[in-house]
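S.K.: With the input below, show me the fold.
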Amino acid sequence: MRFHNATLLILALAFLAPSAARAIDTWETLMPGVTHLHRTTTSPYHWSIHVVKVDLTNPRVRMRVVIKQDSNQDDCGETTSSMARRYGALVGINTDFCLMTWPHSASHQPQGYCVTDGVVTDTTPIDSGRHVVQFSAGNGLTALSVSGVQSWWSNCTAGGPRILRNGAVSIELESDLPNVNYRDPYTACALSADGKTLIMLVEDGRRPGTYDGMTGTEIANVLIEMGGYQGMMFDGGGSTTMAINGSVVNSPSDGSERKVAAALLVIDEQAQPNPAITPYQTAFESPTFAPGDISGVDGWSKDGGGSAQIVSSASHSGSQAMQISSAGASHSIGSVGSQSVTWIDVWMLVTSTTTATLYANSAGGLCTGISFQPDGKLKYAYLDPGAGNLIWLSLSPTMNYAPNTWYRITLREDFHLLTCTDRINPAGKYSLYVNGVLQKLWDGTGEGFCSAGAGVGINQVRFEHSGGGQLLVDDLYVSNVEPRHARVGAGQARALADGSTVEIAGPIVTSSFTDAYYVENADRSAAIKLLTSQTPAAGARVNAAGRVATVGGEKVLQCNYLRVMDTAMAIPKPVHALLRDLWLMRPDNLPSGIGLPLSGMSVRVDGMVTRVESDRFYIDDGGAAGGVPVLYGGMSLANLGKHAVVVGFVAAYLEPTGWVTAVRPPTIGGVQIL
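M.R.: This is a model prediction of the structure:
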């Protein structure tokens, strides 16, 4: 039974032993799958405990580790509630320990491993022995352990000591961390045995008779009561803080909120800022845009001796895009106002290694510069405060771009004022995503600058091109609402450019081979091939994340991780397809054909056996000239001219003349001769 804003009186709770105690529990539902408990007791101790339980399988839930001021630099930190408000988080708790003195080397730097949206902080780790709670993209894989950085980590944060191991209290004290056998305020977390539930806990202390504090053992017992199986502490004492909807709900022992190094946030993917403002977005389509010069159209202006025009010869989506050659094109953004965070999301393509740049400007000057450079590298702008000029720095690690490839460039402009920093122009900063992958954190004087100051905001986007070829721009979006890089279906993953990082959520494993697995949406709308070292069984519903690639003529997902969410699900029935449907298709590494989008899907086809080779045979139902290859090496020559029924997966085969669409049946049971 779920209680919403319900107050329960619970007597003689076991975890309050040895003597009988009285506790008042108040539960509230913050969003589907996320509940908050406030428990107060008066005997034998005065306790105030806040617990948040998070269903990590809820697709609306995103876990995010945030470091203070989004900065790798030494400073005086940031409060947990400020970090939560900057990211519009539903819930936030403080996490890792840090040096509190400022100025000081390593001041307010997380002590253990810290990864935020796939970016490892520069100082990670100061102490490699700290326990870490880890989340993959989309929360499909979670763990609590001590280890080096793993490829599947999307977000992780450290602390200690461990207090819960395999469902039992296990106080594993560490010499350089607080002794949790003493009563104090503490912050803690735990994962359930299946890794699908996160428990976040804070409790108040250092005010005898009002908030007595708890011991590690008492906290571990509460975590067990809430379903915890593996659990650990974070920084406690005056650092202990929980914020819900940006407001502190506990009573920090310092009397006010302390600035800390990092926070663990729960973000509702469906939440939006209030007010939600999208001052400009366009796909450059008709009737607003017609082929030709863009000057004066929908607020765009062009400068320079070249051209800026709408073309229909190439686009990322739809049928048109903006093409710039040796010119600049600008659009004013007048109504976003002084929003604390603004997002710019756009698709860009250059036809050769050239110079093509996106600038985001404020009334006071440049805020961001991202550029395709002639050396084939993507670079970002760095402002030399002494000389006052721009320096272009390569991303780290270096990112090369390929001409004639669409790149999704996403900028998060954050205009919150930095505090206790010796940087010049500390009023704004930005985060850069390429194809949905976070590329950098703010870590140098002048990076992420916006000389107009906090609270001003973006007022212009500008694209420039010089050198050979052209710059193509499509699907521009400016808003204070985040353009989600969320979980997608198999069909959406297939549509992404090679190299894109993505998570697909909920497809069903339809069959497995020694080198790969095929997964398909439950509604049979699309499918994709997975390359993974794991062994999910047919009928498993999975979440899988990795990079999109084209391998052997097939679009695949090269998995960094794969998690089985359910088993024994109904396997989508094969689509009964005509061989002409397959013959009209093209493998994924060739221009699109005009057939049905069946790649990777389970199909049932039939036709006459027209040719037999050692590793394949061909069937034709009269609609496929030359037949369609079936990748099966067990066909007898005696079956030439007979009718075959094949159940398999739409794949690709390299003929001497090039790639063709093929059917790949399972080794056993996929071919029947009538």
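S.K.: From Val437, how far off is the spatially most central residue of the chain?
M.R.: When C-alpha atoms, centre = their mean is applied to the chain, the residue found nearest the centroid is Ala137 (4.9 Å). The span separating Ala137 from Val437 equals 10 Å under the rule C-beta to C-beta, to the nearest Å. The way it works is simple: take the backbone N, C-alpha and C, and place the C-beta from them, glycine included.
S.K.: same question, Val132
M.R.: 21 Å.
S.K.: State the pLDDT value of the residue nearest to the centre of the chain.
M.R.: Note for Ala137: predicted pLDDT of 74.
S.K.: those helices in this structure, which residues are they?
M.R.: Residue ranges of the helices in the chain, as given by DSSP state H, are 80-86, 216-225, 490-495, 579-584.
S.K.: What is the third one packed up against?
M.R.: The helices and strands touching helix 490-495, judged by 3 or more C-beta pairs under 8 Å, 6 or more residues apart in numbering; DSSP states H and E, are strand 501-512, strand 527-531, strand 554-566.
S.K.: Can you name every helix or strand that the shortest one contacts?
M.R.: Yep, that's strand 527-531 we're talking about. Strand 527-531 packs on helix 490-495, strand 501-512, strand 517-520, strand 541-551, strand 554-566, strand 643-655, going by 3+ C-beta pairs under 8 Å, 6+ apart.
S.K.: So for it, mean pLDDT?
M.R.: The average pLDDT within strand 527-531 is 89.
S.K.: what's next to that strand, contact-wise?
M.R.: Identification of contacts with strand 527-531 by C-beta atoms under 8 Å, 6 or more residues apart in numbering yields 490, 493-494, 504, 507, 510, 515-521, 544, 546, 551, 554-559, 562, 599-602, 649-651.
S.K.: Where in this protein is the helix or strand with the lowest mean pLDDT?
M.R.: Using mean pLDDT, DSSP states H and E, strand 6-11 stands out as the lowest-scoring helix or strand of the chain, at a mean of 38.
S.K.: can you list the domain ranges for the chain.
M.R.: 55-203+212-268, 280-479, 490-566, 575-673 (automatic domain parsing).
S.K.: still on that earlier bit, Val132 and Val437 - which one has more neighbours?
M.R.: Ranked by neighbour count (other C-beta atoms under 10 Å), Val132 and Val437 place Val132 first, with 27 against 20.
S.K.: from memory that one sits against Tyr113, does it?
M.R.: Yes. Taking C-beta atoms under 8 Å as the definition, Val132 is a contact partner of Tyr113 at 4.9 Å.
S.K.: which neighbours do the two share?
M.R.: In contact with both Val132 and Tyr113: Cys156, Thr157, Ala158, using C-beta under 8 Å, 6+ apart.
S.K.: neighbours around His465, how many?
M.R.: 27.
S.K.: re the thing from before, in a markdown table: the helices and strands packed on strand 527-531, plus distance to Gln109 and mean neighbour count.
M.R.: Listed next are these as a markdown table, based on distance: least, C-beta to C-beta, whole Å; neighbours: other C-beta atoms under 10 Å:
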| stretch | distance to Gln109 | mean neighbour count |
| --- | --- | --- |
| helix 490-495 | 36 | 20 |
| strand 501-512 | 27 | 23 |
| strand 517-520 | 41 | 26 |
| strand 541-551 | 28 | 21 |
| strand 554-566 | 27 | 21 |
| strand 643-655 | 49 | 20 |
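S.K.: could these be laid out in a markdown table, adding distance to Thr142 and mean pLDDT?
M.R.: Shown next, in a markdown table, are the helices and strands packed on strand 527-531 (distance: least, C-beta to C-beta, whole Å; pLDDT from 0 to 100):
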| stretch | distance to Thr142 | mean pLDDT |
| --- | --- | --- |
| helix 490-495 | 22 | 78 |
| strand 501-512 | 14 | 80 |
| strand 517-520 | 21 | 88 |
| strand 541-551 | 11 | 79 |
| strand 554-566 | 9 | 77 |
| strand 643-655 | 31 | 90 |
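S.K.: what's the closest of those to Ser533?
M.R.: With respect to Ser533, and counting by C-beta to C-beta, the nearest of these is strand 554-566 at 8.2 Å.
S.K.: hmm, who's touching the closest one?
M.R.: Applying C-beta under 8 Å, 6+ apart, the set of residues contacting strand 554-566 is 57, 136, 140-141, 151-152, 493-494, 502, 504, 506, 516, 528-532, 534, 536, 540-551, 587-588, 599-600, 651-652.
S.K.: need the contact list for Thr288.
M.R.: So Thr288 contacts Thr282, Val297, Asp298 (C-beta under 8 Å, 6+ apart).
S.K.: what sits against the closest residue to Asp212 other than its chain neighbours?
M.R.: Once flanking residues are discounted, Asp212 sits nearest to Tyr45: 4.2 Å by C-beta to C-beta, 6 or more residues apart in numbering. The contact partners of Tyr45, by C-beta under 8 Å, 6+ apart, come to Arg183, Asp212, Gly213, Met214.
S.K.: Highest neighbour count among those?
M.R.: That'd be Met214 among the contacts of Tyr45, by other C-beta under 10 Å, with 27 neighbours.
S.K.: burial measure for the closest residue to it other than its chain neighbours, as a count.
M.R.: Leaving aside its chain neighbours, Met214 sits nearest to Glu203 (5.1 Å; criterion: C-beta to C-beta, 6+ apart). Glu203: 27 surrounding residues under other C-beta under 10 Å.
S.K.: and Glu203, bridged to which residues?
M.R.: Beta-bridge partners recorded for Glu203 (DSSP bridges): Ile49, Tyr186.
S.K.: Distance check, it against Gln272.
M.R.: Counting by C-beta to C-beta, the separation of Glu203 from Gln272 is 32 Å.
S.K.: Same check on Gln323?
M.R.: From Gln323 to Gln272 the distance is 33 Å (C-beta to C-beta).
S.K.: ok, those two, which is more surrounded?
M.R.: Gln323 (27 against 13).
S.K.: my read: the more buried one touches Gly306, true?
M.R.: No. Gln323 is not in contact with Gly306 according to C-beta under 8 Å; the separation is 10.2 Å.
S.K.: show me what contacts the closest residue in space to Gln672 that isn't next to it in sequence?
M.R.: Nearest residue to Gln672 in three dimensions, chain neighbours excluded: Val645, at 4.5 Å (C-beta to C-beta, 6+ apart). Neighbour list for Val645: Arg604, Val605, Asp606, Val671, Gln672, Leu674 [criterion: C-beta under 8 Å, 6+ apart].
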